[in-house]
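**Q** Structural data only, the sequence is not supplied:
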Ligand SMILES: Nc1nc2c([nH]c(=O)n2[C@H]2C[C@H](O)[C@@H](COP(=O)(O)OP(=O)(O)OP(=O)(O)O)O2)c(=O)[nH]1
């Protein structure tokens, strides 16, 4: 799978905007906003485009705060393997509205709906909410949903890689 981005808008009250995915991979789970990079895009351009497509917020690339690099591995179906960069966003223009992909909703950072999110999110999202910048690997089980293994480490100074031209 092509490289991806994931963006979590954070408002002045510290609430996090999530979207409930209406279709596709991870349908019905709450997640940040993001998706696969398109040819010729940078990771930040991908994050800005996906945020607009999925909840109609308009972000400046420079306002994206890089907080994680994740390597998602699906041994049962390696076609799903992908990496992703995760951003917080504190400034934007526009108004949150639903799209055909996502139903958005604000959540208190202390009560995110982890039971209805990807299963490892309850491990790594609290890490980035506490101010850590991390890199991690999430290995999924045979059902491409349960967790077989995770490994996270602090990576202050994390920067985006050059987008591979092999996808
Ligand atoms: N938060 C979170 N997201 C995950 C996990 N595993 C996983 O594949 N994802 C997300 C990351 C990507 O945004 C997405 C990959 O699927 P996708 O590229 O089909 O997503 P999408 O439908 O939004 O992409 P697109 O068609 O809009 O480009 O799934 C996980 O453990 N936690």
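**A** Done, it's in. On a predicted model such as this, the values are computed, not experimentally measured, just so you know. Residues are numbered from 1 along each chain as shown.
**Q** Show me the helices in this structure, by range?
**A** For the chain, the helices defined by DSSP state H occupy 43-55, 121-129.
**Q** Give the bridge partners for whichever residue of the chain sits closest to the ligand, please.
**A** Minimum separation of the chain from the ligand (CB to the nearest ligand atom) falls at residue 35, amounting to 2.7 Å. The way it works is simple: take the backbone N, C-alpha and C, and place the C-beta from them, glycine included. Beta-bridge partners recorded for residue 35 (DSSP bridges): residue 5.
**Q** Quick check: residue 47 touching residue 5?
**A** Yes: at 4.0 Å, residue 47 counts as touching residue 5 under the criterion of CB atoms under 8 Å.
**Q** Need the residues touching each of those two.
**A** Common contacts of residue 47 and residue 5 (CB atoms under 8 Å, 6 or more residues apart in numbering): 34, 85, 87.
**Q** Skipping adjacent residues, who's closest to residue 107 in space?
**A** residue 16 (5.3 Å; CB to CB, 6 or more residues apart in numbering).
**Q** Pull the contacting residues for that neighbour.
**A** Counted by CB under 8 Å, 6+ apart, residue 16 has contacts 8, 9, 10, 106, 107, 108, 109, 112, 129.
**Q** Around the ligand, pick out the residues from the protein.
**A** Within reach of the ligand by CB under 6 Å from any ligand atom, the chain has these residues: 4, 6, 24-26, 31, 34-36, 72, 84, 118, 120-121, 138.
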